[in-house]
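Peer 1: Predicted model follows, preceded by the sequence.
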Amino acid sequence: MEKSFDSLSVLLVDLKRRLKTTRLSTTFYTHLLFVVILGGSIGVWFPLLQGGWKMENIATTVLTYFPVIVAVALLEFIEEDQLYLRNFGLSSAFILGVIFLIAATRNDPDVKYYWALLGTVLSVVLWWIANGENPRFRDYDPNNAVAGPLDAPLAGKTPPGFKVD
């Protein structure tokens, strides 16, 4: 009899770890702030500066922002080794797609804006989770301090008669 695998419990632990892993990483926060939030939202700011601060313009531009962040996060999840993480990414993208459709079909700009804002917040959280353990956001490599892997043989020659007590 095969032992069942409780992937939901493992997923919850994994998600929690991914949210906490980055809490002290300046590289992660720099990417989050300058690339994802500010750089990614140029498509929101530019039209607003050109066309005015009408709620209809704001709602539409925010609505076009968050699907891109979802797509980028989904690309990270698709590359995961664990199937439960890939499925989480796909399920999250589906839910955020539903939020997009709800927002896109609203006629009231205020309602459209609130749905789009919800999608934006959730998409940034999804990006955070997708990249929480991404090695390119590690601030330092502990091997760099000693110029290589700790288990590598030392370079150079030892003087004759040298002993370590």
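Peer 2: Right, received. Where do you want to start?

Peer 1: Buried residues in stretch 55-66, which are they?
Peer 2: For stretch 55-66, the neighbour count (16 or more other Cβ atoms under 10 Å) marks 57-63, 65-66 as buried. Where C-beta positions appear, they are placed from N, C-alpha and C, glycine not excepted.

Peer 1: Correction: the previous question concerned stretch 10-18.
Peer 2: 14, 18.

Peer 1: Equivalent analysis for stretch 80-99, please.
Peer 2: Neighbour count says stretch 80-99 has 80, 85, 88-89, 92-93, 96, 99 buried, by 16+ other Cβ under 10 Å.

Peer 1: Pull the contacting residues for the residue nearest the centre of the chain.
Peer 2: In the chain, the residue lying closest to the centroid (Cα atoms, centre = their mean) is residue 127, at 2.5 Å. If you count contacts by Cβ atoms under 8 Å, 6 or more residues apart in numbering, residue 127 has them with 32, 36, 69, 72-73, 76.

Peer 1: ok, now which ones touch the nearest residue to it once chain neighbours are set aside?
Peer 2: In this structure, residue 127 finds its nearest non-sequential neighbour in residue 73, 4.3 Å apart by Cβ to Cβ, 6 or more residues apart in numbering. If you count contacts by Cβ under 8 Å, 6+ apart, residue 73 has them with 89, 92-93, 123, 126-127, 129-131.

Peer 1: Report the separation between residue 73 and residue 91.
Peer 2: 12 Å (Cβ to Cβ, to the nearest Å).

Peer 1: Helices of the chain, start to end?
Peer 2: 7-21, 26-30, 42-51, 55-78, 83-104, 109-131 (DSSP state H).

Peer 1: shaky segments in this protein?
Peer 2: Residues of the chain meeting the criterion pLDDT under 70: 1-4, 140-155, 165.

Peer 1: try it again with 50
Peer 2: Within the chain, no stretch falls below the threshold (pLDDT under 50).

Peer 1: What spatial separation is found between the nearest residue to residue 110 once chain neighbours are set aside and residue 111?
Peer 2: Leaving aside its sequence neighbours, residue 110 sits nearest to residue 55 (Cβ to Cβ, 6+ apart; 6.1 Å). Going from residue 55 to residue 111 by Cβ to Cβ gives 10 Å.

Peer 1: any shared contact partners between those two?
Peer 2: Shared contacts of residue 55 and residue 111 (Cβ under 8 Å, 6+ apart): none.
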